[in-house]
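Asks: Next comes the sequence, and after it the predicted model I'd like to discuss.
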Amino acid sequence: MKLQTFGFNDYFENEFEQYKEAGYEVGRVALEHKRMYRVWTEEEELLCEVSGKFSFVAASRDDYPAVGDWVVLKTRAGENRATIHAVLPRKSKFSRKAAGINTEEQIVAANVDTIFLVNSLNDDLNLRRIERYLLLSWESGANPVIVLTKADLCDDLEEKLAAVEAIAMGVPVVSVSVVEERGLVDIQPFLIPGKTIALLGSSGVGKSTLTNCLLGDEKQKVQTIREGDDKGRHTTTHRELILLPQGTVLIDTPGMRELQLWDSENGLAESFTDIESMADECKFRDCTHENEPGCAVVHAIENGLLDQNRLTSYKKLQKELAYLERKQDKRAQSEEKKRWKSISSGMKQKYKKV
């Protein structure tokens with residue numbers, strides 16, 4: 001396949017030019033598993049690992065290749081393998097804080113053009129979770145689309161659509177039913193050849209079912225949701241590039257049990273433009289939207305123009321981002337201290353030899 005078929009464009013071509021002249025090849029990471037990578041190239045699919053120098057230079061987790069990345073390769077003749085020497089600069093990346101106590105970035109998908117935020121219209125529909133996904137989507141550099149699945153199981157479709165559209169802030173909202181083949185035509189305009197779409201959402205919302213429908217194949221295993229709580233089971237176990245018949249690249253991702261924020265100040269403003277606009281009308285610049293006189297946000301809530309739960313969500317996300325920023329600052333200071341300690345130690349050893 002031509003590289004352009006799975007997303008290579010002028011931007012990446014310009015970034016790769018210096019490596020091309022040195023005899024390297026380029027490919028796209030289709031799958032990653034424990035620092036081993038399946039990479040699509042123009043000629044074949046290769047099993048790859050990063051070079052020793054790459055590992056030595058990589059300062060953090062996000063320096064390593066992620067699914068969707070374009071990487072610089074040296075193939076090993078006759079082995080169907082290659083070594084990754086560099087990652088081309090990303091056009092976009094959807095990131096979250098990695099699970100655990102360490103403050104590290106986990107890149108879920110790279111170089112994505114459109115993000116399908118998949119949510120189910122059953123009893124598990126959660127507006128606050130959609131707000132969180134929207135925030136990270138805007139920060140990623142990709143364009144979000146809210147896809148509401150299982151419309152055939154929803155008795156109050158119009159009411160739920162209105163509730164989602166109220167927090168979508170102009171983001172397209174599409175409701176579909178794969179079982180009834182309803183709403184699928186509304187997805188087609190986003191399936192552009194050479195573009196990349198990532199499916200993101202919780203377990204059991206219908207990502208794999210939607211993937212199978214778009215692919216026309218049972219590639220992704222599908223499981224039913226748990227009885228009793230409408231929560232989903234994990235079906236997709238890893239992130240993987242899939243080429244759809246019309247030439248769109250799809251990234252299906254495992255369901256996320258938690259979605260912790262990562263560097264999302266700009267995304268917060270995009271996701272809550274209604275509150276941000278109202279805040280500009282407040283009497284005091286540092287208004288906390290609680291008991292201050294002349295608060296336009298509280299006035300909007302009292303007059304039914306804004307849901308109190310949305311303001312609560314906005315404040316919660318603000319606090320979470322502020323806490324993350326403090327932890328990142330401490331981590332940066334700690335790493336800088338270690339770096340200078342290492343330099344100092346190296347200099348002492350050097351002078352001892354002299």
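Replies: Arrived safely. It should be emphasised that the depicted structure is a prediction, and the values quoted were computed from it without experimental measurement. Residues are numbered from 1 along each chain as shown.

Asks: Distance-wise, check the residue nearest to the spatial centre of the chain relative to Ala110.
Replies: Centrality entry for the chain: nearest residue to the mean C-alpha point is Phe94, 2.6 Å, by CA atoms, centre = their mean. From Phe94 across to Ala110, the span is 8 Å (CB to CB, to the nearest Å). From N, CA and C alone the C-beta is placed, and that goes for glycine too.

Asks: With Arg129 instead?
Replies: Using CB to CB, one gets 23 Å for the distance from Arg129 to Ala110.

Asks: who has more neighbours, the two?
Replies: Using other CB atoms under 10 Å as the criterion, Arg129 and Ala110 rank with Ala110 on top: 27 against 17.

Asks: so what's that one up against?
Replies: 29, 66-69, 90, 92-94 (CB atoms under 8 Å, 6 or more residues apart in numbering).

Asks: The same query, at a cut-off of 6 Å, please.
Replies: 66, 68-69, 90, 93 (CB atoms under 6 Å, 6 or more residues apart in numbering).

Asks: ok, back up a step: so where does the residue nearest to the centre of the chain fall, helix or strand?
Replies: strand 93-97 (DSSP states H and E).

Asks: Report the distance from stretch 155-173 to the chain centre.
Replies: Once both centres are worked out by CA atoms, centre = their mean, to the nearest Å, stretch 155-173 turns out to sit 22 Å from its chain's centre.

Asks: Give me the contact list for that stretch.
Replies: Residues from elsewhere that reach stretch 155-173 (CB under 6 Å, 6+ apart): 121, 127, 131, 144-146, 273.

Asks: Show me the helices in the stretch 201-350 of the chain, by range?
Replies: Here the stretch 201-350 of the chain has its helices, by DSSP state H, counting those that start in this stretch, at 207-215, 265-271, 273-279, 296-302, 308-353.

Asks: about what we covered before: and the closest residue to the residue nearest to the centre of the chain other than its chain neighbours, what is it in contact with?
Replies: Of all residues not flanking Phe94 in the chain, Ser140 sits nearest, at 4.2 Å (CB to CB, 6 or more residues apart in numbering). Residues near Ser140 by CB under 6 Å, 6+ apart: 92-94.

Asks: and if we set it to 7 Å?
Replies: 92-94, 112, 115 (CB atoms under 7 Å, 6 or more residues apart in numbering).

Asks: Compare the residues you listed and tell me which is most surrounded.
Replies: Most surrounded of those: other CB under 10 Å gives Ile115, at 30 neighbours.

Asks: Helix, strand or coil: sort out it for me.
Replies: strand (DSSP: H, G, I helix; E, B strand; the rest coil).

Asks: okay, now Phe16: neighbour count?
Replies: 20.

Asks: Please name the nearest non-neighbouring residue to it.
Replies: Val26 (5.0 Å).

Asks: Would you check that the one you found makes contact with Lys74?
Replies: No: here Val26 does not reach Lys74: they are 11.1 Å apart, not a contact under CB atoms under 7 Å.

Asks: Now the phi/psi pair for Val67, please.
Replies: Val67 adopts backbone torsions of phi -60, psi 130, taken as degrees, to the nearest 10.

Asks: Test my guess that it contacts Glu32.
Replies: Yes: Val67 is within contact range of Glu32, at 5.6 Å (criterion: CB under 7 Å).

Asks: who's more crowded, the two?
Replies: Higher neighbour count among Val67 and Glu32: Val67, with 25 against 21, using other CB under 10 Å.

Asks: Send me the helix or strand hosting Ala166 as CSV with only the CA atoms.
Replies: Using DSSP H and E, Ala166 sits in helix 157-168. The C-alpha trace of helix 157-168 is given here as CSV (Å, rounded to 0.1, in the frame of the first residue of the first chain):
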residue,chain,number,x,y,z
LEU,A,157,-34.0,9.3,22.9
GLU,A,158,-35.0,12.9,22.2
GLU,A,159,-34.6,13.8,25.9
LYS,A,160,-31.1,12.2,26.1
LEU,A,161,-30.0,13.8,22.9
ALA,A,162,-31.0,17.2,24.2
ALA,A,163,-29.1,16.6,27.4
VAL,A,164,-25.9,15.6,25.5
GLU,A,165,-26.2,18.5,23.0
ALA,A,166,-26.5,20.9,25.9
ILE,A,167,-23.0,20.1,27.0
ALA,A,168,-21.5,19.4,23.5
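
Asks: what's the model's confidence in the helix or strand just after it, averaged?
Replies: Using DSSP H and E, the helix or strand that follows helix 157-168 in sequence is strand 173-175. Mean pLDDT, computed over strand 173-175, is 96.

Asks: Parallel or antiparallel, which strands does strand 173-175 pair with?
Replies: Sheet pairing for strand 173-175, assigned by DSSP bridges, gives strand 143-149 (parallel).

Asks: So what touches the strand it pairs with?
Replies: Strand 143-149 has contacts (CB under 7 Å, 6+ apart) with 113-121, 130, 134, 137-138, 164, 168, 171-176, 190, 205-206, 210.
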